[in-house]
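[1] Quick one, structure for this:
(chains A and B)
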Amino acid sequence: MKPVHYYRCLRGIVWREGLRFVNQRGRFIAALVRPLVWLVIFAAGFRFVLGVSIIPPYQTYIPYEEYIAPGLIGMIQLFQAMQSTLSMVWDREMGSMRTLLVSPLPRWFLLVSKMVATVAVAVLQSYVFLGIAWFWGIQPPPIGYLTVLPALILSGMMLSALGLFISSAIRQLENFAGVMNFVIFPMFFASSALYPLWTVREANEKLYYVCMVNPFTHAVELVRFALYEQFNGEACAVVAAALVVFMALAILGYDPGRGLIVRRGGGPE
Amino acid sequence: MAANASDLQASPLVVAGLSHSFGRRQALRDVSFELHRGDRAMLLGLNGAGKTTLFSLITRLYNHRGGSIRIFGWEIRQKPSEALSRLGVVFQLPTLDPDLSVAQNLFYHAALHGLPRREAAARIGREIERVGLSDRMHEKARTLSGGQRRRVEIARALIHQPKMLLLDEPTVGLDIASRQFLLDHVRMLCREEGLAALWATHLIDEVDPAARVIVLHHGRILAEGPVPEVIRGANATSIREAFDKLTGERGE
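    From the prediction side, this is the model:
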């Protein structure tokens, strides 16, 4: 296998992910509407409940909508990551994972390609959301739209690596509701996506520490700072470390010699 | 993949001394057989005989522990890329993406094998025509019947021009006409193009006298060879009787 084979394979996997996203109309519309519902309805309702003081990276008092916008980008990425990687688990009925794994290219490369594909779709969604949010008054500095890109890529890779690892570790998920309950909701709510962590700390010290070890918090903060042209070194380090750990676990999980897939066996005969 | 010297000399598939277990459950015990060019072998066994485990090992979903599997001389554990690039697979469960068109499904597969788009287009056109579905190329896989989806999956398995084809119970849930089409198509591929095929089934009437048969029972091979020989060897008059005798003898 030469580099050109790798390139064609990666391109094919990304292309398919894009097609799937667009072709599953329900999923497409839901993915676009979901963050907007939060922005337009939830944020409006909580606007006067939660006072947001001046915290970095903001330099002035900001409306609540503006505070949760990066959190909603995080939500877009989280949903996209879980949907595309964990669908491989219930797609085992459809065998999409089997089709992927008989490719002659190395397995780690197939998994990384799957992550890249997931992130590509998530990044597009994030920009569409940012575009619509601009009309809703969420107007970060123009350069912020550029500086946020690496943050979106890094946090997206981390979340899809997590999704891949979970997909290798769990036997089966009945449906997406299980993922919502046990992965998406806990990660989303125990984070800085909807409320600054100092408010969490005042309310409940323990919950604060849960939020602090939640990599999703750091993904959101990385995106938040990057959107305002600032670099959050701590968040970046945590997200990068989490990416390395989750990716190693995912590659190990799918390893034909040692992985969890071995113990699980070939499914029912 | 370009054929090299080893592809012309080596057997399409050599399984030697293969054993595998999940925890305490021994799924395969000392399984050995060999397929030559143009061989069509029916892997006959009841549910739970170990067919799916054998296929998972040959496709390297996970590694075998004991014994070896060689595809055109390439050991699947040591040279997975060389081995897998020479293997076409039709899985037991449907594996087409229902939200993509037939063409999109096939191009995806071609990409997974690193084929350039133009070459892929030519091969896809040829394979899909051979299974008589050229006019459905741009419809979503969802709109196809079960039999048509299987035909697309066979076409897909051949896009990268493998000379060894694995089919894991490909006719489950199909009507008689679709089943016959698949049997005839694979027979033609073996006879006219020299493909070797390993076709797993629990349906005894899919085994015809011109094929080889491998009888797998509780993870062991009980008999293997051309159908008439296996029947003779079991002192039976039909493959069904031979199968009953072979598997019954052991009181299992």
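
[2] For B:I214, give me phi and psi.
    Main-chain dihedrals, B:I214, degrees, to the nearest 10: phi -120, psi 110.

[3] Mind pulling the model confidence for it?
    Note on B:I214: pLDDT of 97.

[4] does the residue in chain B that chain A sits nearest to count as helix, strand or coil?
    The minimum distance from chain B to chain A, using C-beta to the nearest C-beta, falls at B:A111 (2.1 Å). Placement of C-beta: from N, CA and C, glycine included. The three-state label given to B:A111 by DSSP: H, G, I helix; E, B strand; the rest coil is helix.

[5] Tell me how many other residues surround it.
    For B:A111, the count of nearby residues is 25 (other C-beta atoms under 10 Å in any protein chain shown).

[6] right, and it touches A:E17 too?
    No - with contact defined as C-beta atoms under 8 Å, B:A111 does not reach A:E17; the gap is 11.8 Å.

[7] okay, now A:L124: neighbour count?
    For A:L124, using other C-beta under 10 Å, the count is 15.

[8] cool, the one 3 residues further on as well?
    Applying other C-beta under 10 Å, we find 15 residues neighbouring A:Y127.

[9] In three-state terms, how would the spatially most central residue of chain B be classified?
    By C-alpha atoms, centre = their mean, chain B has its centre lying nearest to B:L166, at 1.7 Å. Put simply, B:L166 is strand when judged by three-state DSSP.

[10] hey, what's it bridged with?
    Using DSSP bridges, the bridge partners assigned to B:L166 are B:V89, B:L198.

[11] distance of it from A:R27?
    According to C-beta to C-beta, to the nearest Å, B:L166 and A:R27 sit 33 Å apart.

[12] cool, B:L115 as well?
    29 Å.

[13] ok, the two, which is more surrounded?
    Neighbour comparison, B:L115 and A:R27: the larger count goes to B:L115, with 24 against 19 (by other C-beta under 10 Å).

[14] hang on, that one packs against B:I159?
    Yes - with contact defined as C-beta under 8 Å, B:L115 and B:I159 form a contacting pair (7.2 Å).

[15] any shared contact partners between these two?
    Listed as contacting both B:L115 and B:I159 by C-beta atoms under 8 Å, 6 or more residues apart in numbering or on different chains are B:R123.

[16] for chain A, which helix is longest?
    Counting by DSSP state H, the longest helix found in chain A is helix A:107-135.

[17] buried ones in that one?
    Within helix A:107-135, the residues that count as buried by 16 or more other C-beta atoms under 10 Å in any protein chain shown are A:107, A:109-123, A:125-126, A:129-130, A:133.

[18] Which secondary structure elements does it sit against?
    helix A:3-23, helix A:25-37, helix A:64-90, helix A:96-101, helix A:144-169, helix A:233-253 (3 or more C-beta pairs under 8 Å, 6 or more residues apart in numbering or on different chains; DSSP states H and E).

[19] Dump the ones you listed into CSV; add distance to B:F22 and mean pLDDT as well.
    Shown next, in CSV, are these (distance: least, C-beta to C-beta, whole Å; pLDDT from 0 to 100):
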stretch, distance to B:F22, mean pLDDT
helix A:3-23, 30, 94
helix A:25-37, 35, 87
helix A:64-90, 19, 88
helix A:96-101, 18, 84
helix A:144-169, 17, 94
helix A:233-253, 17, 96
